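Chemist: Need a 3D model of the sequence below.
(one chain, ligands or ions: 3)
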Amino acid sequence: MSNNKVLKNTLWPYRNLVVVGGNWGDEGKGKIIDLVMEHYDVTVRFSGGANAGHTVFTPDHQKLVSHLIPCGLAQHKECVMGRGELVDLRLFLEELEQAKKVLGGRLPKIYLDQMSPLWTPWHGLLEAWLEFARGKGKVGTTGKGIGPLEGLYKLRIAPLVGQVFLERKKFIGILELLYKTLQPVFKEMRAKGLIVSVGNGRDRSLQGNIPNPTQVADLLRSYAPKIKPFVTDTSFVLHQGIKNKQRMLFEGAQALGLDSRFGTYPYVSSGNSAAFGASEGTGLPMQSFGATLMVVKTLPTRVGSGPFPSEMWRRQEAMEFVKKNIELFTDKSAKAEFLNRRLEKINAGKASNAELSQYFQVLGDERGATTGRGRSVGFIDIPWLLYSIRINGPKWLALTRFDMLSGVKTVPVVVGYRLNGKLLAPGQLPPPWDMDKVNPVFENWPGWKENIYGLNDEKTLPKAANNFLNHLENHLKTQILLVGTGPGRKDIVVRV
Ligand code: GDP
Ligand code: IMO
Ligand code: MG
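Modeler: Numbering: from 1, shown residues only. Ligands and ions are numbered 1, 2, ... in the order given. Sure, this is the predicted structure:
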């Protein structure tokens, strides 16, 4: 049976599927969603905002990175931006324009929730302030205003998307409370000379000064005519969809390690990145969701700051390595030469962990899809995954980037965490502030010689690669349904 048929048979009983990330983001959720999307009618975002960067390819193989609009866009599937999504209207309109170019002007139906929290230039300022105030302990955010948007929403002083259609005076009134609340911060920022540009440099007319409520209202209201066709009560649209037996795919953004409640707080994003967020961010009852597919990156990565127990190298150095050696990422022959030489050293058992990290960073082109920052790489981390599985409750796993291990003779795998000399129970984790005290317990697993890049049939995988997958599955006690062997839609092995 073809991959597609197997996948269809497997997914068919699950009308509403939740897809989430199991590590610290960039697992390849976009690619997996793109693949399973074929068996669904609608893609729905339920959390996060423009901090997400999901890479997909259009039917004619053009790369599209979606930030705010769900990935279904590339395959012309209906897209719903649920209420839990944080919205920057300018970025939304820019993404629409970009998509129109790539997709030749043809766009599917897109719905934007009338009650999603709405970005203002003040959110950008507050984020800059918070990162400055944290000093060395900064979160290393994507700069899309996510923390302030979610936080001020919970403080009940957020403007909402649909309010741009209100009478001008009324909208200004809503913005005034937010402005007043932030005044002390703005004063402090001014005193410290921190106000260089406002609006992340995106709204030139406002640059260099802090706009007042009238100016912000006019800016946001200027988008009103363009967004009007999209804005609605998406919870009602989704409810109708379920009634009409539409098949829906709920697209997680970020990942469990970045979930504001169950991630490595405060080094997290501010939304619900776990599977449970699908209900909260859409208004659909819990029982609406059939199954969860958790996407796991074979070698996890992290950008920004925060705990990462299986990290190969020091974060700052790993991130800077990308910046300083950009030719290894952009020049094909320099890249190939570096990888060949480094793999020899790794297989001779002579490479340090820093050198291992560099190898996988270059091989995987580990640069963020949203910010371009270098990503730091970690070893396969079974204790973390057991925790992630405990919270997300996936029916299956999708293991992406398995091709990255091709040719590596021996693969170190973290199989346990020790804290104060004691082995932690499966699924148990210390609080984030103690995570640096954790000692990972390693096992060396045999790798395989062959290059599996682009393979898409389980039978053609080398025996050692199949053994590796079975071994991992036994540890995780969860079926690995999909195995990524390359970035393309067809670079996938379906296991049943
Ligand atoms: P997301 O945020 O989880 O959607 O992931 P990103 O799109 O930010 O980053 C994942 C990157 O890995 C993208 O460049 C994908 O094209 C790429 N990718 C996804 N799956 C695979 C895979 O199985 N193998 C390889 N080599 N690359 C993959
Ligand atoms: P996708 O959906 C990787 C990280 C940032 C930072 C922290 C908080 O593409 O997997 P924020 O701007 O959200 O307040 O930043 O979270 N981060 C991501 N890292 N992938 C993402 O999204 C991320 N979204 C946020 O780097 O450490
Ligand atoms: Mg991403």
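
Chemist: ok now do residue 392, which residues does it touch?
Modeler: Neighbouring residues of residue 392 by Cβ atoms under 8 Å, 6 or more residues apart in numbering: 20, 22, 256, 274-275, 292, 294. (C-beta placed from N, C-alpha, C; glycine too.)

Chemist: Between the residues you listed, which sits nearest residue 109?
Modeler: Comparing the contacts of residue 392 against residue 109 with Cβ to Cβ places residue 20 closest, at 24.2 Å.

Chemist: Count residues in the vicinity of the closest one, would you?
Modeler: Counted with other Cβ atoms under 10 Å, the burial measure for residue 20 works out to 31 neighbours.

Chemist: count of neighbours near residue 430?
Modeler: When counting by other Cβ under 10 Å, one arrives at 16 neighbours for residue 430.

Chemist: from memory it sits against residue 422, does it?
Modeler: No - Residue 430 is not in contact with residue 422 according to Cβ atoms under 8 Å; the separation is 10.6 Å.

Chemist: Any of the contacts of residue 392 buried? List them.
Modeler: By the neighbour-count criterion of 16 or more other Cβ atoms under 10 Å, the contacts of residue 392 include these buried positions: 20, 22, 256, 274-275, 292, 294.

Chemist: Now for those residues: which two are most distant?
Modeler: Distances among the buried ones among the contacts of residue 392 were taken as Cβ to Cβ; the most separated pair is 256 and 292, at 11.3 Å.

Chemist: Now the common contact residues for the two.
Modeler: Common contacts of residue 256 and residue 292 (Cβ under 8 Å, 6+ apart): 20, 392.

Chemist: For the closest residue to ligand 3 within the stretch 251-400 of the chain, give its distance to ligand 1.
Modeler: Of all residues in the stretch 251-400 of the chain, the one sitting closest to ligand 3 is residue 369 (4.5 Å; Cβ to the ion). Remark: distance between residue 369 and ligand 1 (Cβ to the nearest ligand atom, to the nearest Å) = 4 Å.

Chemist: which residues does that residue contact?
Modeler: Listed by Cβ under 8 Å, 6+ apart, the contact set of residue 369 reads 26, 53-55, 65.

Chemist: now swap in residue 406 and tell me
Modeler: Residues touching residue 406, when contacts are defined by Cβ under 8 Å, 6+ apart, comprise 448, 450-453.

Chemist: Tell me the residues on the chain that lie near ligand 1, please.
Modeler: With Cβ under 6 Å from any ligand atom as the criterion, the chain meets ligand 1 at residues 21, 25-31, 53-55, 369, 400-401, 403, 484-487, 491.

Chemist: Out of those, list just those in strands.
Modeler: 21, 54-55, 400, 484 (DSSP state E).

Chemist: Which among those count as buried?
Modeler: 21, 54-55, 400, 484.

Chemist: May I see these organised as a markdown table, with distance to ligand 2 and pLDDT added?
Modeler: Formatted as a markdown table, those follow (distance: Cβ to the nearest ligand atom, whole Å; pLDDT from 0 to 100):
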| residue | distance to ligand 2 | pLDDT |
| --- | --- | --- |
| 21 | 5 | 98 |
| 54 | 6 | 95 |
| 55 | 9 | 93 |
| 400 | 12 | 98 |
| 484 | 15 | 98 |
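
Chemist: Straight-line length of stretch 69-79, end to end?
Modeler: 7 Å (Cα to Cα, to the nearest Å).

Chemist: what's the offset of it from the middle of its chain?
Modeler: For stretch 69-79, the distance from its own C-alpha centre to the chain's C-alpha centre is 16 Å (Cα atoms, centre = their mean, to the nearest Å).

Chemist: which parts of it are buried?
Modeler: For stretch 69-79, the neighbour count (16+ other Cβ under 10 Å) marks 69-75, 77-79 as buried.

Chemist: before we move on, which element is residue 407 in?
Modeler: Under the criterion of DSSP states H and E, residue 407 resides outside all helices and strands.

Chemist: May I ask you to confirm that it is in contact with residue 343?
Modeler: Yes - under the contact definition of Cβ under 8 Å, residue 407 touches residue 343, with a separation of 5.8 Å.
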